[in-house]
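Novice: no sequence for this one, just the structure:
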């Protein structure tokens with residue numbers, strides 16, 4: 001016999017499976033054909049669509065608890081976490097309250113997504129990826145292993161972020177009050193690709209169909225459809241027409 005706790009107010013669809021030692025708090029909604037693994041905590045109010053798979057040791061709908069020195073303030077009105085139909089959530093993943101995930105999202109093991117994020121449909125968030133607060137990620141975007149997506153970043157549709165990419169949002173690195181006026185994450189436009197180990201500096205715009213080569217440091221806005229290499233990044237050549245989104249099957 002399985003041992004778990006499900007609050008009486010939980011609304012549960014048909015064919016729901018809940019593993020050992022999981023806790024589902026008040027007001028949670030589970031759609032049809034949901035699988036919840038072992039030792040999962042689903043916090044109050046979380047809404048999970050149908051055909052969702054939640055692996056072991058996940059925490060869903062966590063309230064943020066920033067450090068006393070943090071500039072992030074807890075918003076008591078944060079809406080519940082929402083997870084769309086067909087989503088798969090890897091083992092050890094932590095998803096915060098106040099974020100919204102579209103349909104058929106794939107989230108790898110040990111990933112973390114903070115509060116006030118909006119994630120589109122069919123997004124891939126790889127193993128160990130950290131997505132900070134107030135990030136927007138468009139549909140069909142892929143973020144690979146151990147990438148860091150800083151707060152206030154925008155990734156549009158069909159963006160590719162390779163492993164260990166780092167985005168930044170604060171040129172003052174935590175000093176001076178003046179910095180609050182300038183904190184801004186990068187904007188990566190539709191169809192852009194950012195290679196492994198690259199760094200995007202605060203506020204830069206990576207234009208549509210830009211290709212940022214591995215290890216590049218992007219310190220200024222890029223031009224549409226060009227390949228960038230180096231530190232700092234510079235134009236190498238045009239992106240071949242056959243590689244552009246409009247020419248993909």
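Specialist: Received, thanks. From a predicted model like this one, the values you see are computed outputs, not experimental measurements. Numbers count the residues shown, from 1 in each chain.

Novice: For the nearest residue to residue 221 once chain neighbours are set aside, give me its contacts.
Specialist: Spatial nearest neighbour of residue 221, chain neighbours left out: residue 205 (4.5 Å); criterion: Cβ to Cβ, 6 or more residues apart in numbering. Just so you know, the C-beta spots here come from the backbone N, C-alpha and C atoms, and that holds for glycine as well. Going by Cβ atoms under 8 Å, 6 or more residues apart in numbering, residue 205 touches 186-189, 221-222.

Novice: what's the domain layout of the chain?
Specialist: Here the domain parsing of the chain from automatic domain parsing is 1-64+79-106, 141-239.

Novice: Which one (most neighbours) among the contacts of residue 205?
Specialist: Counting neighbours by other Cβ atoms under 10 Å, the top entry in those is residue 188, with 32 neighbours.

Novice: now that one: how far from residue 137?
Specialist: Separation of residue 188 from residue 137 (Cβ to Cβ, to the nearest Å) stands at 10 Å.

Novice: circling back to that earlier point, need the domains of the chain in TSV (columns: distance to residue 120 and mean pLDDT).
Specialist: Below are these laid out as TSV (distance: least, Cβ to Cβ, whole Å; pLDDT from 0 to 100):
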stretch	distance to residue 120	mean pLDDT
domain 1-64+79-106	5	97
domain 141-239	7	95
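
Novice: right, and those domains - which one's nearest residue 129?
Specialist: Nearest to residue 129, of all the domains of the chain, is domain 141-239, at 5.1 Å by Cβ to Cβ.

Novice: Residue 142 bridge partners, please.
Specialist: Residues in a beta bridge with residue 142, per DSSP bridges, are residue 124, residue 160.

Novice: pretty sure it contacts residue 123?
Specialist: Yes - between residue 142 and residue 123 a contact is recorded at 7.4 Å, counting by Cβ atoms under 8 Å.

Novice: out of these two, which sits in the more crowded spot?
Specialist: residue 123 (25 against 19).

Novice: Show the pLDDT at that one.
Specialist: Per-residue pLDDT puts residue 123 at 98.

Novice: hmm, back to that, mind giving me a markdown table with the domains of the chain and columns for distance to residue 247?
Specialist: Output for the domains of the chain, formatted as a markdown table (distance: least, Cβ to Cβ, whole Å):
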| stretch | distance to residue 247 |
| --- | --- |
| domain 1-64+79-106 | 24 |
| domain 141-239 | 11 |
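
Novice: mind listing what the residue nearest to residue 111 when sequence neighbours are not counted touches?
Specialist: What sits nearest to residue 111 in space, not counting adjacent residues and going by Cβ to Cβ, 6+ apart, is residue 129, at 4.7 Å. Each residue near residue 129 by Cβ under 8 Å, 6+ apart is listed here: 108, 111-112, 143-149.

Novice: Thank you kindly, that will do.
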